[in-house]
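**Q** How does the following fold in three dimensions:
(chains A and B)
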Amino acid sequence: MSMIFGVPFAVLSGQLLIGIINGAFYALLSLGLAVIFGLLKIINFAHGAMYMLGAMVTVIMFDALGVNYWVALFLAPLTVGVFGVLIEYFLLRRIAGQDHIYSLLLTFGVALLIQGVLTNIYGVSGLRYAMPDMFKGGMNLGFMFLPYYRAWVIVVALLVCFGTWFMIEKTKLGSYLRAGTEDSQLMQGFGINVPLLVSLTYGFGVMLAAFAGVLAAPIYSVTPVMGSNLLIVVFAVVVIGGMGSIGGAILTGIAMGVIEGLTKTYYPQAASAVIFLVMVVVLMFRPSGLFGKEA
Amino acid sequence: MNQPVTQTDIQKAILEQQSAENRKKLMVNGVLLLLLLAAPFAMYPVFLMKILCFALFAVAFNLLFGFTGLLSFGHAAFLASGGYTTGYLLTNYSGLTTEMGIIAGTAVATLLGLGFALLSIRRQGIYFAMVTLALSQLVFFFFVQSEFTGGEDGMHGIPRGELLGFINLDDNLNMYYFVLAVFIACYLLVQRIVNSPYGQVLKAIKQNEPRAVSLGYNVDRYKTLAFVISAALAGLAGSMKSVVFQLASLNDAHWHMSGEVILMTLVGGMGTLLGPVVGATFVVNVEYQLSQGPLRDWVDPILGGIFIITVLAFRSGIVGEIQKFMKKNLG
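**A** Numbering: from 1, shown residues only, chains lettered A, B, ... in the order given. A predicted model of the protein is given here:
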């Protein structure tokens, strides 16, 4: 067995795989945060709760109605997205134009509320969600074992990330979005319904989180608090990438997952802290993040 | 006869009005002080001490957020580092008097605050909040993995010891008056800071930082000092809390605690002196009352609801809204 810096190659590649998977989740979640912050200037502290809702809705829909994984993959994000639109319409809209800090505080309250209510109903011990049959097993790559489901998560997460990036940066809809948030009055004048656009953007960002939640349901334990600590990590990722930078969020997300995986292999004690360490270091040299524009 | 009003007359009138206001303020403060002194005979002293500790924590936070405009999302780190340091010293060195342990805890929090400030003070707005959050997460992970903190279980059985070597703090009444004295001293200190020329500069920075820079103030230095004072007072609150409850736990280091102190300040009224005190009293009471009743499990969602309502409906907080109301209706 070949060793790399004293660690067997199989162990290293295993950790790397886990790192890439976690990175895919970080990328999806931080992408949603970056969309919401970059376009709407809302600091969405409820993002972790939305991720959790995605997973919870998947499990609940399966238990109550027998909704299968493939349907849930669309239905759960849609449900959570509609919920997000309602939150934007009834709450966030009222503090538009105020200091960004208030959106942070408001969504923090929303997260506490959602998480608390679900904890009371379902407890913190976690729900089980069975892996869809077709994903059972995996393939042997010779140097490591790759479970099918993990491969699927990586592929689909990357596709969704790329699609979102493409839509916002390269299409006409994306340019409306960016323009609408840059100068809403002008866009109103052109006959674009900016408030609707804002609601839908928030809903879309939240959908990305919920989509990550559905992907997470078969591999992580589904609990009302699953988003709470992840949220802080994802915020660190977004800040490292540069708040609001769509591409930055994706690339940093995957990179941070890998760095975390490597740390776990070589110095496990620091694994949960390493991302915050990176963040502090990055911000010392590049105050607006790796891919952010100078403020 | 129409005598011209002279300059001195106006000055005299202003001075008289001021001294009348001061007298009124003094009376209100006197009544409050009497109430605080008598309170442990009407209520459970440990509960009152809990309120005082959190009130001090919130006052410390508000100096930074309310008066300087810096939202730190990492103040739990100072509360916890003060608490753990004091707890560790008092548990392991029996020769140490309680106030020495508390001073040591405060000193550690102060140093940590200086470190935080040096790394974060140049960042603006949300970046500042996120850097402080990240740093406090690092502190959290340090406490999780250190042996001396007792990990998830926390640090138990911290002896209260004796104040100055002869006042027995195991007596709740003695302990209460000690905590009260420290609290009032800190409150007056913050009041003094806010009303000093230094405090005026802080307010100027909050309102318009570029202008403060253009006026020639070394803004970073002012902000750093405010951050360090705030961290020191937060550490002091944590140190006292660990002595009062004879317990230091990871709860104090978790980022939720940083969120809770924001809630206290916001609900009470940020940028007012009394606001954080009122807010801490309110939040601690809500948590306590709920935990006694049938709504025991609903504390978190209810706090979340309070957060939402405060941000949406009364951003000035309880004290701020009362002040606004008084100004509008009572001249």
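**Q** Please report the distance of the closest residue to B:Asn172 other than its chain neighbours from chain A.
**A** Once flanking residues are discounted, B:Asn172 sits nearest to B:Pro45: 4.2 Å by C-beta to C-beta, 6 or more residues apart in numbering or on different chains. All C-beta spots, glycine's among them, are computed from the backbone N, C-alpha and C. From B:Pro45 across to chain A, the span is 30 Å (C-beta to the nearest C-beta, to the nearest Å).
**Q** cool, and B:Val278?
**A** 18 Å.
**Q** Low-confidence regions, chain A specifically.
**A** A:1-2, A:293-295 (pLDDT under 70).
**Q** try 50
**A** Applying pLDDT under 50 to chain A flags residues A:295.
**Q** by contact count, what packs against the longest helix seen in chain B?
**A** What stands out as the longest helix in chain B, according to DSSP state H, is helix B:7-42. If you count contacts as 3 or more C-beta pairs under 8 Å, 6 or more residues apart in numbering or on different chains; DSSP states H and E, helix B:7-42 packs onto helix B:172-195.
**Q** Touching the helix or strand that the helix it packs on is followed by from outside, list them.
**A** Where DSSP states H and E defines the elements, the next helix or strand beyond helix B:172-195 is helix B:197-207. Helix B:197-207 is contacted by residues B:67-69, B:193-194, B:211-212, B:215, B:217, B:219, B:222-223, B:225-226 when judged by C-beta atoms under 8 Å, 6 or more residues apart in numbering or on different chains.
**Q** Would you mark the buried spots in the helix or strand just after helix B:197-207?
**A** For helix B:197-207, the following helix or strand on the C-terminal side (DSSP H and E) is helix B:209-214. Applying a neighbour-count criterion of 16 or more other C-beta atoms under 10 Å in any protein chain shown, one finds B:Glu209, B:Ala212 buried in helix B:209-214.
**Q** Just the residues contacting helix B:209-214, thanks.
**A** B:Gly69, B:Val201, B:Ala204, B:Ile205, B:Val219.
**Q** Turn those residues into a markdown table, columns for distance to A:Tyr102 and neighbour count.
**A** Listed next are the contacts of helix B:209-214 as a markdown table, based on distance: C-beta to C-beta, whole Å; neighbours: other C-beta atoms under 10 Å in any protein chain shown:
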| residue | distance to A:Tyr102 | neighbour count |
| --- | --- | --- |
| B:Gly69 | 13 | 22 |
| B:Val201 | 25 | 20 |
| B:Ala204 | 22 | 17 |
| B:Ile205 | 20 | 23 |
| B:Val219 | 24 | 19 |
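**Q** what distance separates the longest helix of chain B from the centre of its chain?
**A** Counting by C-alpha atoms, centre = their mean, to the nearest Å, helix B:7-42 is centred 23 Å from the centre of its parent chain.
**Q** Now do whatever helix or strand comes next after it: which elements does it pack against?
**A** Sequence order places helix B:45-68 as the next helix or strand after helix B:7-42, per DSSP H and E. In terms of contacts (3+ C-beta pairs under 8 Å, 6+ apart), helix B:45-68 is packed against helix B:172-195, helix B:197-207, helix B:219-245, helix B:255-268, helix B:275-292.
**Q** Distance from the chain centre to helix B:45-68, please.
**A** For helix B:45-68, the distance to the chain centre is 3 Å (C-alpha atoms, centre = their mean).
**Q** Please put the alpha-carbon coordinates of that helix into PDB.
**A** This file holds the C-alpha atoms of helix B:45-68, laid out as PDB (Å, rounded to 0.1, in the frame of the first residue of the first chain):
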ATOM      1  CA  PRO B  45     -30.900  36.400  44.700                       C
ATOM      2  CA  VAL B  46     -29.400  33.900  42.300                       C
ATOM      3  CA  PHE B  47     -32.000  34.800  39.700                       C
ATOM      4  CA  LEU B  48     -31.300  38.500  40.200                       C
ATOM      5  CA  MET B  49     -27.600  37.800  39.900                       C
ATOM      6  CA  LYS B  50     -28.300  36.000  36.600                       C
ATOM      7  CA  ILE B  51     -30.100  39.100  35.300                       C
ATOM      8  CA  LEU B  52     -27.200  41.400  36.500                       C
ATOM      9  CA  CYS B  53     -24.600  39.200  34.800                       C
ATOM     10  CA  PHE B  54     -26.500  39.200  31.500                       C
ATOM     11  CA  ALA B  55     -27.300  42.900  31.900                       C
ATOM     12  CA  LEU B  56     -23.500  43.600  32.200                       C
ATOM     13  CA  PHE B  57     -22.900  41.400  29.100                       C
ATOM     14  CA  ALA B  58     -25.500  43.400  27.200                       C
ATOM     15  CA  VAL B  59     -24.200  46.700  28.400                       C
ATOM     16  CA  ALA B  60     -20.700  45.700  27.200                       C
ATOM     17  CA  PHE B  61     -22.000  44.600  23.800                       C
ATOM     18  CA  ASN B  62     -24.100  47.800  23.400                       C
ATOM     19  CA  LEU B  63     -21.000  50.000  23.900                       C
ATOM     20  CA  LEU B  64     -19.700  48.500  20.700                       C
ATOM     21  CA  PHE B  65     -22.900  48.000  18.700                       C
ATOM     22  CA  GLY B  66     -25.200  50.700  20.000                       C
ATOM     23  CA  PHE B  67     -22.600  53.500  20.400                       C
ATOM     24  CA  THR B  68     -19.900  52.600  17.900                       C
END
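**Q** Brilliant, that's me finished.
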